[in-house]
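Chemist: here is a sequence together with a model predicted from it:
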Amino acid sequence: MTTHGTAAAVRPAIESRPATQSRPSSLVWALTATHFVSRAGGVARVFLVLYLTQERGLSATTAGAVIAAVGVGDIGSQLLGGWLGDRIGRRTTMLLGFLGTAVALIALGSAESIVAISAAAVGVGLMAELFRPVGSAAVADLPEKERLPAFGLLFWAANLGFTISTVAAGVLVRQGYGILFWFNAGAALLAALIVWRRVPETRPPVQKTTRRALLPVLLRDPVMLAMAAIHIVYFTLFLQAFSTLPLVMTGDGHGPGTFGAVLALNGIVIVLFQPVAVRLLDGRDTARILAVSMLLAGVGGGFGAVVHSNVGYVASVLVWTLGQIGVSVMFGATFAGIAPADLRGRYMGIASTTWSLGAVLGPLLGTALLDHAGRTVLWATCLAIGVALFATQLAVAPALRRRTAELSASH
């Protein structure tokens with residue numbers, strides 16, 4: 001497979017851009033601001049299921065189907081965002097996503113029939129995540145040494161924003177559910193304004209005659225296929241913390257408040273320690289960090305088979321949160337390091353899709369295993385998957401290192 005010629009061909013054009021359009025610090029801070037604003041303002045989805053059941057009178061099953069429709073849109077959003085980012089540019093795609101999100105949210109908050117609600121829900125999912133793959137592609141367009149700190153900053157800002165959104169949603173909902181949609185739409189418009197004023201276009205110029213289709217390249221790229229598969233399994237494992245863990249804790253007699261405190265602890269640890277992790281992990285072997293981090297996620301999940309107290313669950317959360325930080329810090333830079341320059345947007349879209357697929361598979365498989373086999377089997381399975389991911393990631397490590405070195409040398 002030939003992946004390096006195009007990257008080498010476009011490199012001089014990137015490096016020769018005027019300084020006013022290629023200052024990494026300005027770009028990264030602008031992208032950080034959009035991530036923070038979009039996540040902090042994402043209040044509508046926090047109470048969406050309650051809005052659908054209480055305000056619109058839908059049954060729990062129907063409301064669940066609407067939530068699933070948002071998830072379907074999310075998956076499509078990752079792929080569409082990557083494709084558009086390579087075709088029409090990173091900046092234009094982000095603007096389209098944020099402006100489309102505002103329209104879709106207002107439509108969802110105004111829709112009354114189930115058909116209109118479902119269509120608007122798909123629209124919200126399809127538009128709201130467009131910025132994620134193209135934002136990652138914009139960071140991937142930076143020099144290699146700047147990527148890891150940049151991806152780490154984006155991850156930190158998104159988590160801080162999410163923590164704020166959960167608090168803000170609880171305050172705003174006292175004025176009614178309708179204000180959530182308008183506030184969320186306003187945040188999307190503010191993010192679009194930041195992109196319009198502060199985010200330059202970073203897409204490498206590619207001649208139309210050299211443009212390649214994604215699928216033929218992807219099918220001949222065993223490293224990318226292996227890394228995508230590993231991350232789908234990892235995210236399926238990780239999402240147990242948000243799907244089966246609350247059910248297990250309820251079975252132990254812990255109320256929603258305790259689970260909320262667990263999530264708060266997760267967010268606090270990330271906000272406090274993730275910037276430190278970026279500095280500690282920068283320059284270290286990517287494959288080993290990912291392997292150990294995924295093992296920690298499995299070990300933390302495995303604690304669920306033996307703990308029942310608050311202290312036990314806190315220990316479990318601390319372990320899998322450390323694994324989460326390790327994976328998240330390395331995630332974007334890892335996929336950016338194996339992406340051909342002309343396919344960066346689409347490769348980052350595939351990378352983002354691994355999260356979306358895990359978010360679908362995790363709750364489905366986890367709850368089924370919990371129902372049919374019980375908590376001990378569920379958490380033992382989590383531990384076994386963590387060990388398997390550790391071994392698999394180490395097995396892929398040599399090929400990953402060679403691929404990253406080859407692409408780095410071609411730049």
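Modeler: Happy to help now that I have it.
Chemist: residue 110 and residue 281, how far apart?
Modeler: 46 Å (C-beta to C-beta, to the nearest Å). From N, CA and C alone the C-beta is placed, and that goes for glycine too.
Chemist: who's more crowded, the two?
Modeler: residue 281 (19 against 12; other C-beta atoms under 10 Å).
Chemist: I figured the more buried one hits residue 292, correct?
Modeler: No: look at residue 281 against residue 292 with C-beta atoms under 8 Å: they stay out of range, at 10.5 Å.
Chemist: show me where the stretch 301-411 of the chain has helices.
Modeler: For the stretch 301-411 of the chain, applying DSSP state H, counting those that start in this stretch gives helices covering 310-338, 344-373, 375-410.
Chemist: redo those as TSV? Include mean pLDDT, distance to residue 84 and mean neighbour count.
Modeler: Output for these, formatted as TSV (pLDDT from 0 to 100; distance: least, C-beta to C-beta, whole Å; neighbours: other C-beta atoms under 10 Å):
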stretch	mean pLDDT	distance to residue 84	mean neighbour count
helix 310-338	89	18	21
helix 344-373	86	7	21
helix 375-410	90	23	17
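Chemist: can I get these in a markdown table with distance to residue 91?
Modeler: Formatted as a markdown table, the helices of the stretch 301-411 of the chain follow (distance: least, C-beta to C-beta, whole Å):
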| stretch | distance to residue 91 |
| --- | --- |
| helix 310-338 | 18 |
| helix 344-373 | 12 |
| helix 375-410 | 24 |
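Chemist: quick one: closest of these to residue 192.
Modeler: helix 344-373 (18.7 Å; C-beta to C-beta).
Chemist: which elements pack onto that closest one?
Modeler: Contact partners of helix 344-373 among helices and strands, from 3 or more C-beta pairs under 8 Å, 6 or more residues apart in numbering; DSSP states H and E: helix 60-87, helix 131-140, helix 222-238, helix 240-243, helix 245-251, helix 310-338, helix 375-410.
Chemist: closest one to residue 195 among those helices?
Modeler: When the helices and strands packed on helix 344-373 are compared (using C-beta to C-beta), the closest one is helix 131-140, at 8.0 Å.
Chemist: tell me what that closest one is packed against?
Modeler: Short answer (3+ C-beta pairs under 8 Å, 6+ apart): helix 131-140 packs on helix 24-40, helix 60-87, helix 90-110, helix 144-172, helix 310-338, helix 344-373.
Chemist: out of those helices, nearest to residue 229?
Modeler: helix 344-373 (8.3 Å).
Chemist: for residue 232, find the nearest of the helices and strands packed on helix 131-140.
Modeler: Across those, closest to residue 232 is helix 344-373 (C-beta to C-beta), at 4.8 Å.
Chemist: rewinding a little: list residues touching both of residue 281 and residue 292?
Modeler: residue 326 (C-beta atoms under 8 Å, 6 or more residues apart in numbering).
Chemist: mind listing what's buried along stretch 96-110?
Modeler: Buried positions in stretch 96-110, judged by neighbour count with 16 or more other C-beta atoms under 10 Å: 96-102, 104-109.
Chemist: over to stretch 268-288?
Modeler: 269-270, 274-275, 277-278, 281, 286-287.
Chemist: domain parsing for this structure?
Modeler: If you go by automatic domain parsing, the domain ranges for the chain are 19-203, 210-411.
Chemist: quick check: mean pLDDT of the shortest one?
Modeler: Which is domain 19-203. The average of the pLDDT scores along domain 19-203 is 86.
Chemist: so how far is that domain off the chain centroid?
Modeler: Offset of domain 19-203 from its chain centre (C-alpha atoms, centre = their mean, to the nearest Å): 11 Å.
Chemist: what does the last one give?
Modeler: Here the centre of domain 210-411 is set off from its chain's centre by 11 Å, with C-alpha atoms, centre = their mean.
Chemist: picking up where we left off before, adding distance to residue 128, write the helices and strands packed on helix 131-140 out as CSV.
Modeler: Shown next, in CSV, are the helices and strands packed on helix 131-140 (distance: least, C-beta to C-beta, whole Å):
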stretch, distance to residue 128
helix 24-40, 8
helix 60-87, 7
helix 90-110, 5
helix 144-172, 13
helix 310-338, 19
helix 344-373, 12
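Chemist: next one: the closest residue to residue 26 other than its chain neighbours from residue 45, what distance?
Modeler: Spatial nearest neighbour of residue 26, chain neighbours left out: residue 198 (7.0 Å); criterion: C-beta to C-beta, 6 or more residues apart in numbering. From residue 198 across to residue 45, the span is 26 Å (C-beta to C-beta).
Chemist: more crowded one of the two?
Modeler: residue 45 (19 against 14).
Chemist: for that one, give me its contacts.
Modeler: Here residue 45 is in contact with 70, 124, 184 (criterion: C-beta under 8 Å, 6+ apart).
Chemist: surely the last one and residue 43 touch.
Modeler: This means residue 184. Yes: with contact defined as C-beta under 8 Å, residue 184 reaches residue 43; the gap is 5.4 Å.
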